[in-house]
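In: the sequence isn't on hand, but the structure is:
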């Protein structure tokens, strides 16, 4: 019984929310891919993110359908054929920032987040570099990285393969606000 | 006692394993971060359901889809001659020598929900001008469980083709209104029903007793078999006592079955139908071909959407 109690104690301790929790409801995500016929270029400002500066936990979620393309047909194909966003509505990243960041001091902190990137229902272990910017109490995060279509089983049919590049560049930026636990 | 120890040992062994596995799966996120993230996304409003149909047309009927703003859809629709029966067979290469109808049309998106359509059929040389408005879109949370699009068309037959009864210019005009209800049941299955009203100022075909006004009901659907290919069916029933009773000519309900292929920009339908005409103004009033008499034909529809939004500015910043 002692063992169980000990295990549970440790488990709950790690689950405690720290006071240094930051949230963002309008994270900006843009994707770009250069291709011989048509560039893919879309943006969303509807990403959500949680950052725990104490534990280094960081999480992002982006509704795929919120990515807006210049060409509406491309947007439809992106959702319907490639991302299957009815089935997999969100792309997420959940990880931990390896470095310790002191959010009480202004500065630009290069960081790396190790965790799982889930796109199109396929999870990939990734280590993604980025930076945390602290400017007079305002915490923001920025990163850019590449996503390989084949890593996430995003099929590119042979018929149109020339239109779509196999690598998608992704840029993410989020400006956080301090999260106050709602009074219960 | 031994059993109890065993159980504790086992639990001690399994529990870190489970939590370790959970960490592996969801990347060390604490459940607090997770639930916080979920609560942030919870108040997002539901999305409209995408691509109930891949094109503005199935085979006979239009779908609930409209052309998006500043996009131009170019359509070529073709119906060949009878495959079998008296007019078909090898001597006409199973109908490929003949064309029952050819339609060339354009659809342009005025807004994301409203498009304007223009087209011309070989059958009766019908010119038509129409508006199509997407009134309701199905939402993913089923608050709106179906899509509703209304279609209004005016047809003009500028020449006297099968008759010379064009004593009055208004006799050349025809009107068609339709309400299309569609629901995407899953990513594979979409169905629609469409009540409609057709008025021919001069009842067509020009036979005594024919009605100027015809109500009808269409039903159509698509079942996707692969991501880019689906089986489509289309059926219409005109409510017309004249058509039910008439023996010469005899009228039949227009129906069609086909395969729809999508290649990113193009949507291509290869179909078989007993209807000769492509426009509802023509096929609802006058379908005299019967499947069992070999009077069905190969047809195809090609649609190509051109995006005329020129001010493409990069958004990747």
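Out: Yep, it's here. The structure presented is a predicted model; accordingly, all values stated were derived computationally and were not measured.
In: where do the strands sit along the stretch 151-300 of chain B?
Out: Taking DSSP state E, counting those that start in this stretch, the strands of the stretch 151-300 of chain B run over residues B:173-184, B:189-200, B:213-226, B:229-239, B:255-262, B:266-273, B:297-307.
In: which residues sit against the second one?
Out: For strand B:189-200, the external contacting residues (CB atoms under 8 Å, 6 or more residues apart in numbering or on different chains) are B:52-53, B:61-64, B:151, B:174-185, B:212-224, B:238, B:280-281, B:284-285. For the C-beta atoms, the positions are set from N, CA and C on the backbone; glycine is no exception.
In: indicate each strand paired with the helix or strand containing residue B:116 and its parallel or antiparallel sense.
Out: Counting by DSSP states H and E, the element that carries residue B:116 is strand B:114-121. The strands that strand B:114-121 pairs with in its sheet are strand B:99-109 (antiparallel), strand B:127-136 (antiparallel) (by DSSP bridges).
In: need the winner for burial among those.
Out: Among those, strand B:99-109 has the highest mean neighbour count (mean count of other CB atoms under 10 Å in any protein chain shown), at a mean of 19.
In: any idea of the mean pLDDT for that one?
Out: Strand B:99-109 shows a mean pLDDT of 96.
In: hmm, who's touching that strand?
Out: Residues outside strand B:99-109 that contact it (CB under 8 Å, 6+ apart) are B:56, B:66-81, B:115-123, B:132, B:276-279, B:282, B:297.
In: next up, the contacts around residue A:21.
Out: Going by CB under 8 Å, 6+ apart, residue A:21 touches A:50-54, A:178-179, B:36.
In: what is the burial count for residue A:106?
Out: Residue A:106 is flanked by 12 other residues according to other CB atoms under 10 Å in any protein chain shown.
In: for it, give me the pLDDT.
Out: pLDDT, read off for residue A:106, is 91.
In: so which residues make contact with the strand holding residue B:116?
Out: B:56, B:66-67, B:73, B:75, B:101-110, B:126-134, B:153, B:277-279, B:282.
In: I'd like the distance between residue B:220 and residue B:227.
Out: 21 Å (CB to CB, to the nearest Å).
In: more neighbours, the two?
Out: Shown here are residue B:220 and residue B:227; by other CB under 10 Å, residue B:220 has more neighbours (26 against 15).
In: give me the pLDDT for the residue positioned nearest the centre of chain B.
Out: With distances taken as CA atoms, centre = their mean, residue B:63 lies nearest the centre of chain B, 3.1 Å away. Predicted confidence (pLDDT) for residue B:63: 95.
In: got a list of what the closest residue to it other than its chain neighbours touches?
Out: Closest residue to residue B:63 in three dimensions, ignoring its sequence neighbours and counting by CB to CB, 6 or more residues apart in numbering or on different chains: residue B:53, at 3.8 Å. Neighbouring residues of residue B:53 by CB under 8 Å, 6+ apart: B:63-65, B:182, B:190, B:192, B:222.
In: those, buried ones only, as a PyMOL selection?
Out: Those of the contacts of residue B:53 that count as buried under 16 or more other CB atoms under 10 Å in any protein chain shown are selected in PyMOL with:
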select buried, chain B and resi 63+64+65+182+190+192+222
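In: ok, the contacts of residue B:53 vs residue B:306, which is closest?
Out: Distance to residue B:306 across those (CB to CB) is lowest for residue B:65, with 15.9 Å.
In: tell me the contacts of the closest one?
Out: B:51-56, B:134, B:149 are the contacts of residue B:65 under CB under 8 Å, 6+ apart.
In: for the residues you listed, which one is nearest chain A?
Out: Within those, the smallest distance to chain A is 4.8 Å, found for residue B:51 (CB to the nearest CB).
In: does the closest residue in space to that closest one that isn't next to it in sequence count as helix, strand or coil?
Out: Closest residue in space to residue B:51, ignoring its immediate chain neighbours: residue A:80 at 4.8 Å, by CB to CB, 6+ apart. Secondary structure, DSSP: H, G, I helix; E, B strand; the rest coil: residue A:80 is helix.
In: ok, residue 152 - contacts?
Out: Just going to use chain A. Contacts of residue A:152 (CB under 8 Å, 6+ apart): A:119-122, A:124.
In: let me rephrase: I mean chain B.
Out: Contacts of residue B:152 (CB under 8 Å, 6+ apart): B:130-132, B:175-178.
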